Each structure stands twice: as C-alpha cells, then as structure tokens.
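# build me a model from this:
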Amino acid sequence: MIQNAKAIISKVFVLAMLATFLFTAQVQAQDKKEFKVVCIAFYNVENLFDTLDTKGVNDYEFTPEGPNNWNTPKYFEKLDNLAKVISEIGTDFTPHGPAILGVSEIENETVLEDLAKREAIASRNYQVIYRNGPDRRGIDVALLYQPEYFKVTNVISHRLTIPEQEQFRTRDQLLVSGELHGEPIHFIVSHWPSRSGGESRSRPLRNAAAQLGRQIIDSIQAIDPNAKVILMGDLNDNPDNESVSKYLKAVSKEKRMKDNELYNPYYNFYKKGIGTLAWRDTWSLFDMIIMSKPLVEKDYSSYRFFKANVFNRKFLQQSAGRFKGYPLRSYAGGQYTGGYSDHFPTYVLLVKEAE
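Here you go, the predicted structure:
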C-alpha cells in the first residue's frame, strides 16, 4: 500500500492485470478508481563499449589489448549486470519495468541491441533508438522502449555547438516523439558536458546545453502549448545549479509553476542528501527526469506524474570499505570489480484512470 497519493487518492493498492499494474484508489465514500501505471527511467550505464577497436573512436581503453583488458567475458558480464538492474527498476509498481528507458555512455547501437537480448529483459522486446554523435570518446545517448506501450512518430538529433569553439564536441540531445498508449508525448535524452577542468570553468558549456534543451522544448510548445515533454539525462549538474534552475527553468514546486517552467522532482531528493553518484565523500544528483507542466496537472484522465525515485538498491552499492554505499562500478582504482555503473538509475511513474 502506498500512502499520501495527493488529495484525490487516499489509499493505493497495486494489482496485477493483463501485464499492466493498476492502482485501485479509494476516494471519499467507497468510490473506487483504477489507474494504469507506466514507468519512465534513465540510466548512465558507464562506459558500455564493445571489445572492438573502432576507427575514429577513442575506445582503445576498452579493447582486449587496452589497459582495462576489456574482453568478451567482461563485456557480457557487464550486459548481464545492466540487464539485472533494468529488470528490477519500477517493478514494485508495474511488472514490465520501464516502458521508456533513456541511457547514456553507450558506444553504438550494437551494444544496446546486445543488452536488449539478455535473458533478464529479453521478454520485454525493447526497441532501440540511436543516433551517432560527435563526442570524442565515442559515447552517445539513446532510448529504449517497449512497443507494447510506445509508438515512435519522429526522431531528431540536436547538436550543441559553441560559437568560437570549433573544436568543441559533446553528446547530441536526442528527441523522440511518439504516442504513449495513444497519447502524444516527447522525450529528450541528454548527457550534458562534463565538469572536466573544474565546475566553474566548464559551467558555460552546461548552461549552453541547458539552453539547447530549453529551445527544443520551446519549439515543441510553440506548436502545442499543452505538449507533454520529458527531459531526462546525466546533466553533470545538480538540481540547484543555474543550468537546471535558470536556463532550463526547472523548478521544485509543482503548485508554483508558470506555464513556461518545468517540474524537477529530484530537487527535494538532492536537498535530503540523496544522490545518484558520489565523489570525495560528496553526493551529487546529476541524473534527472524533468517534465513540462501538463504532466503534473491533477487531471488523471490522461497520463500524469505520480512519483519519482532513485533506484539505489543494496546490490548496486559497494558493501564495505571507505566507499561503502557508493555505486558499485565495473572498474575501481584500475581494477576490474564486475559491478554495474558509477551512477544509480532514476525513474518516475506516470498514472492515468483506467477506461
């Protein structure tokens, strides 16, 4: 049972029904409503490379001859580990897990196709949307979706360029438009520029990435002011950094939102000390799922935001030592540890009244 489901829902139970979980909400005097539930997730999978030395890609580190001795057994162990994580995200609420999964730090389309075929998630029939980008390391963003839930109508890859910095390269922002159970919706998958060289020095790059994300959203809303848009990704900034709060216009209060603002449910997680990655005993929350105002309005005749979470189960954490509780990575201190990623996944639930 889930408590505190806003004013209109006092008690929520999770029921299995035709491979989709439905919320049964007891409203006022014994009136009952059933709600469909959809899980939307994002996961920085950290260096998902194949074992080949690809021309034009800085991937030597992840080859059998490279310093990581990245070979076929390690590659498939990484895939199995990631599949295990994906198989469990959101399954407390919906048995099929993420209907939509944004990912970052992947080398190519093939590694995602290999991932989708792993036993733990193969039955979900994940389809892959990938566009090759200009990042110098050869890592990109992508989107996986279950066709049972989502139908793709358009895909556009948006490139970030910086005036007077012709050599600048970073990941494209992937816009995937489609229908979620027949409802129009847009997903933007992002991996903003890193903090390499220092947070302050690199800040203008992330501000520029935020401006690009904002321009994409504005262009969608210029055509449809009521468009449902979700921007997800590793933003390499926290919810209170100016890239997110000022340039993207993502706020923490649903009730105070203006029409051109976005809702960021991860602001309060961050203020409580909950993060998705840790560095030098400090937690950051770079991995966010941010949404346009129509998704947080309290009319459940169509899909609306219900709740957000950080998927930080114990098996994803280092179990002992100085870094106990940190994400368990594939490599740590130059040694292969057989873990998952240096980031925890995040996810949100959307619900609507069942017909």
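# give the other helices and strands that the biggest helix by length in the chain contacts.
The helix that spans the most residues within the chain, counting by DSSP state H, is helix 199-223. Counting contacts by 3 or more C-beta pairs under 8 Å, 6 or more residues apart in numbering; DSSP states H and E, helix 199-223 is packed against strand 173-180, strand 183-191, strand 229-234. C-beta coordinates here come from the backbone N, C-alpha and C atoms, glycine included.
# pick the most buried one from these.
strand 229-234 (a mean of 27; mean count of other C-beta atoms under 10 Å).
# any idea of the mean pLDDT in the following helix or strand past that one?
Using DSSP states H and E, the helix or strand that follows strand 229-234 towards the C-terminus is helix 242. The pLDDT scores in helix 242 average 98.
# roughly how far out does helix 242 sit from the chain middle?
Relative to its chain's centre, helix 242 lies at 20 Å (C-alpha atoms, centre = their mean, to the nearest Å).
# likewise stretch 308-319?
On C-alpha atoms, centre = their mean, the centre of stretch 308-319 falls 15 Å from the chain's centre.
# which of the residues in the lengthiest strand in the chain are buried?
Counting by DSSP state E, the longest strand found in the chain is strand 31-48. Judged by neighbour count (16 or more other C-beta atoms under 10 Å), strand 31-48 contains these buried residues: 35-48.
# outside of stretch 267-281, which residues touch it?
44, 238-240, 250-252, 283-287, 308, 310, 312, 323, 325-327, 342-346 (C-beta atoms under 8 Å, 6 or more residues apart in numbering).
# and those residues, which of them are in strands?
The members of those that map onto strands under DSSP E are 44, 250-251, 283-284, 287, 308, 310, 346.
# in its sheet, which strands sit next to the longest strand of the chain, and in what direction?
strand 20-27 (antiparallel), strand 98-106 (parallel), strand 346-353 (antiparallel) (DSSP bridges).
# tilt between the longest one and strand 183-191?
Going back to what we said before, that points to strand 98-106. Angle, strand 98-106 to strand 183-191, by axes from the mean of the first three to the mean of the last three C-alpha atoms, to 10 degrees: 20 degrees.
# got the angle between strand 98-106 and strand 229-234?
Following the same axes, to 10 degrees, one obtains 40 degrees for the angle between strand 98-106 and strand 229-234.
# contacts for strand 98-106?
Contacts of strand 98-106 (C-beta under 8 Å, 6+ apart): 38-48, 86, 89-90, 112, 126, 130, 139-146, 148-150, 171, 180, 187, 189-191, 232-234, 347.
# could you give the mean pLDDT of it?
Mean per-residue pLDDT for strand 98-106: 98.
# tell me what the very next helix or strand once past that strand is packed against?
Counting by DSSP H and E, the next helix or strand C-terminal to strand 98-106 is helix 109-116. Applying 3+ C-beta pairs under 8 Å, 6+ apart, one finds that helix 109-116 makes contact with strand 31-48, helix 72-88, strand 127-130, strand 140-145.
# TSV for the ones you listed, including distance to Glu261 and mean pLDDT?
Conversion of these to TSV gives the following (distance: least, C-beta to C-beta, whole Å; pLDDT from 0 to 100):
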stretch	distance to Glu261	mean pLDDT
strand 31-48	20	91
helix 72-88	31	98
strand 127-130	27	98
strand 140-145	24	98
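# let's have those in CSV, adding distance to Asp224.
CSV is the format used below for the helices and strands packed on helix 109-116 (distance: least, C-beta to C-beta, whole Å):
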stretch, distance to Asp224
strand 31-48, 19
helix 72-88, 31
strand 127-130, 21
strand 140-145, 20
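# for those, which one sits closest to Gln211?
When those are compared by C-beta to C-beta, strand 140-145 sits nearest Gln211, at 17.6 Å.
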